[in-house]
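Colleague: Fold the following for me, if possible:
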Amino acid sequence: MRHEYYSYNKEQLLTDPKLPLFCLKDNDSVFQQMAEQMVHEIQANNAKGEKTVFICPVGPVGQYPYFVDMVNSQNVSLKQVWFINMDEYLDENKQWIPMDHPLSFRGFMERTVYSKIKPELLMGEDQRIFPDPNHVEQIPELIEKLGGVDIAFGGIGINGHVAFNEADSEMSPEEFLAQKTRVLPISPETRAANAIGDFGGALEDMPEYCVTVGIYEIAHARKIRLGCFRNWHRAVVRRAGHGDVTTDFPVSLLRDHEDITLTFTEYVGRLED
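Modeller: Residues are numbered from 1 along each chain as shown. Okay, here's the model as predicted:
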């Protein structure tokens, strides 16, 4: 039996959701909003002489060209900014895939973000962080040292995961939310969805392991900003906004966060093309 919320139109979707939902015109609007949120937070903290700490995704990625343009055109200093990237794919030995691999998140950030920002504005390399499969304790310790995360940005996976915190029906919500940065296998559903969306459907070449920032670190950020823009996000947004809280759909565990939003596009809000 199909769940009723999967049949909701946009107006029903935005009526009394279980977490704050916002609908924008198109993908560019969602990405531009995310970039603006990044820059505004940095500018506000710079003005107070305070550091800025973000958890950042590579997926969504459309915000980064806008972010780079805003930083360069407005001369926004990133010298007191820390980017903690959510995750990275691992090889069969559970080590980072090479930066020149087409799926490497480290390679993407270097090519698309760091190399495009004016050198005099760019933060140091030690402030561009990726979870290390050999030192998974590094990120929780760094976040504590820095005084917490200002904003965790991200998308939502097809099974409701945020970063690579995959669904696990055998865990209680409390157990799930206690998970910190770690190495784990990627679920078949996630590998298939990512192969279609990011790798031309080459499922057999998709990595089977990853290292991910934990749901604990994301849940303890001061703000959480999520964005959805793919066609299969139609079901994801409906379940996130109106389904039950369950470890089968991890984003639902973040609903009680005091400052979380999920923004999607008109395209996602429609039931059919």
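Colleague: C-alpha only now, for contacts and for neighbours.
Modeller: Will do.
Colleague: Would you mind extracting the C-alpha trace of the helix or strand where Met70 lies into CSV?
Modeller: According to DSSP states H and E, Met70 maps onto helix 63-74. Extracted in CSV, the C-alpha atoms of helix 63-74 (Å, rounded to 0.1, in the frame of the first residue of the first chain):
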residue,chain,number,x,y,z
GLN,A,63,26.3,26.3,-4.8
TYR,A,64,30.1,26.4,-5.2
PRO,A,65,30.4,28.5,-8.4
TYR,A,66,28.1,31.1,-6.8
PHE,A,67,30.1,30.9,-3.6
VAL,A,68,33.4,31.4,-5.4
ASP,A,69,32.1,34.3,-7.4
MET,A,70,30.7,36.0,-4.3
VAL,A,71,33.9,35.5,-2.3
ASN,A,72,36.1,36.9,-5.1
SER,A,73,33.8,39.8,-6.1
GLN,A,74,33.2,40.9,-2.6
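Colleague: Select the longest helix from this protein.
Modeller: helix 27-47 (DSSP state H).
Colleague: Count the neighbours of the spatially closest residue to Leu271 that is not a sequence neighbour for me.
Modeller: Excluding the flanking residues, the one nearest Leu271 by CA to CA, 6 or more residues apart in numbering is Asn9, at 6.1 Å. Using other CA atoms under 10 Å, Asn9 has 15 other residues around it.
Colleague: dump the residue contacts of Asn9.
Modeller: Applying CA atoms under 8 Å, 6 or more residues apart in numbering to Asn9 gives the contacts 269-271.
Colleague: quick one: the longest helix of the chain to chain centroid distance?
Modeller: Centroid separation between helix 27-47 and its chain, computed with CA atoms, centre = their mean, to the nearest Å, is 15 Å.
Colleague: Determine the set of other helices and strands touching it.
Modeller: strand 52-56, helix 63-74, strand 260-265 (3 or more CA pairs under 8 Å, 6 or more residues apart in numbering; DSSP states H and E).
Colleague: 6 Å instead, please
Modeller: Packing partners of helix 27-47 (3 or more CA pairs under 6 Å, 6 or more residues apart in numbering; DSSP states H and E): helix 63-74.
Colleague: What is the helix it packs on packed up against?
Modeller: Packed next to helix 63-74, using 3+ CA pairs under 6 Å, 6+ apart, are helix 27-47.
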